Structures are given as structure tokens and as C-alpha cells.
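1. sharing a sequence plus its predicted fold:
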Amino acid sequence: QKEVEQNSGPLSVPEGAIASLNCTYSDRVSQSFFWYRQYSGKSPELIMSIYSNGDKEDGRFTAQLNKASQYVSLLIRDSQPSDSATYLCAVSPGSGANSKLTFGKGITLSVRP
Amino acid sequence: KAGVTQTPRYLIKTRGQQVTLSCSPISGHRSVSWYQQTPGQGLQFLFEYFSETQRNKGNFPGRFSGRQFSNSRSEMNVSTLELGDSALYLCASSLEGGTLYEQYFGPGTRLTVT
């Protein structure tokens, strides 16, 4: 059973702090990694994708990938109340045209003003 | 560019009935995937269609089926509805499918089975 695990939440941080969200995956052949943000009652919104080991920065968001340790993380700098949402980690395998995404259960982030 | 659209947005059905959900992908996207989201199970993959062919399938019973048309629009059908089918059904489109292409979700169809 290929699994994606996200660290237990909920996570609460004060406004302006760094929020760190972690995710581990079991399928070693995974090649594509995504972070989605989902506000309550809405659909998931893609915020970051990462395919190579290392860091990828986009504004206040940084995704980090370590394939050897099978983990991917998302850092949110200068957290804002508008960042309060559920964050979903998703992993896609690397064989052929298989675009199936396996999602973690998500972690709920609350940013306190 | 318009995003992924899904119709209807909300649906209430009775056990034993069947339902058809529709998804229109982002213009130019040829891959459409369907997911079921419930509070207990989270987001689970149903199936993916590419060029009118089902390319991948998740672990759902045969009551769940789908198809894709030549314009890439897709429909999902659930027959003999059960109470446990109540969920948010999401479709996502991507350019080509495959591992390197990002998937973008539509707003979802909220299905309630009574």
C-alpha cells in the first residue's frame, strides 16, 4: 500500500512566524511532489510542485525534497491569517504515464493574529 | 484562461438511484482525473482519462465509471447509490497527464445520498 503521511496536526502559529509542514511517502519510485492548499468548503489549490532534490522557493513558500529520506516539506514564511487552511501533500509515481496522485490526509494550519 | 468547471455543484439523491457528474477541463488540457473526498478517507483517486481512454483506475467498485469525450470533457457515473457515496467529487485536469504535469482541480460536486 503506497502511503503518504503528514505530521499530525492541527498546527497553530502566530502571525509572522514560519510554519513548517512535513510529509513522508513510502513509494521509492515517486518522482513528482505537490502541495495543495484547501480552504474550508473549497477545492484543493495547487501552490507548489517539486521534482528534484533540494529547495524550491516561490514567494513566501519553500518546498524541500529529500528523495533519499523520502520526505517533502513546505515552509511558509511570514505566516498570515489568510494562510489558515488545510495543506495536502500529494505524490505521483514515476512509471510511464501514471498520473495518479496519492494524497496525505492533510494538516490544518491556523495562523493566530 | 478559464479553470476547470464541474456541474452540478450540489446534488441530493436517494439510495439506489444513479448519478452523472460532468467536468470540463482547462482549455488545452487532455487529461482528466476524478477524486472522491470524504472526511474519513481524505482524497482518493477514482480514475484518469486521456484521449478518451481510461488510463488509470483506483480501488473503487464497478458502480463507479466514467468516460471522456473528444473535446476532453469527462463524465463520471455512479450507479446504485449507497449512503457511503456521499462525498465531494473532484475532477482535476492536466496538460498531458504523466508524472511531470501539474493537476488543477475544479470546484467539485457535493453529492448527498439519503
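-> Great, that's in hand.
2. who's in contact with A:I47?
-> A:I47 makes contact with A:35-37, A:58, A:61, A:74, according to Cβ atoms under 8 Å, 6 or more residues apart in numbering or on different chains. For glycine as for every other residue, the C-beta is placed from the backbone atoms N, C-alpha and C.
3. how about a cut-off of 6 Å?
-> By Cβ atoms under 6 Å, 6 or more residues apart in numbering or on different chains, the contact list for A:I47 reads A:35, A:37.
4. quick one, what contacts A:R112?
-> Contacts for A:R112 (Cβ under 6 Å, 6+ apart) come out as A:P14.
5. repeat the analysis, applying 10 Å as the threshold.
-> Neighbouring residues of A:R112 by Cβ atoms under 10 Å, 6 or more residues apart in numbering or on different chains: A:12-15, A:17, A:79, A:81, A:84.
6. in strands only, show me the residues you listed.
-> A:12-14 (DSSP state E).
7. name the nearest residue to the residue nearest the centre of chain B, ignoring sequence neighbours.
-> Taking Cα atoms, centre = their mean, the centroid of chain B lies closest to B:W34, which sits 3.1 Å from it. Closest residue to B:W34 apart from its sequence neighbours, by Cβ to Cβ, 6 or more residues apart in numbering or on different chains: B:L46 at 4.1 Å.
8. also A:S26?
-> Counting by Cβ to Cβ, 6+ apart, the residue nearest A:S26 is A:E3, at 4.6 Å.
9. OK, contacts around B:H29?
-> Listed by Cβ under 10 Å, 6+ apart, the contact partners of B:H29 are B:1, B:4, B:72, B:92-97, B:101, B:103-104.
10. wait, I meant B:V32
-> Per Cβ under 10 Å, 6+ apart, neighbours of B:V32: B:4, B:23-26, B:47-50, B:66, B:68-69, B:72-76, B:91-94, B:97, B:103, B:106.
11. now the helix or strand encompassing B:Q36: how far from the chain's centre is it?
-> Using DSSP states H and E, B:Q36 falls within strand B:31-38. Here strand B:31-38 is found 4 Å from its chain centre; the criterion is Cα atoms, centre = their mean, to the nearest Å.
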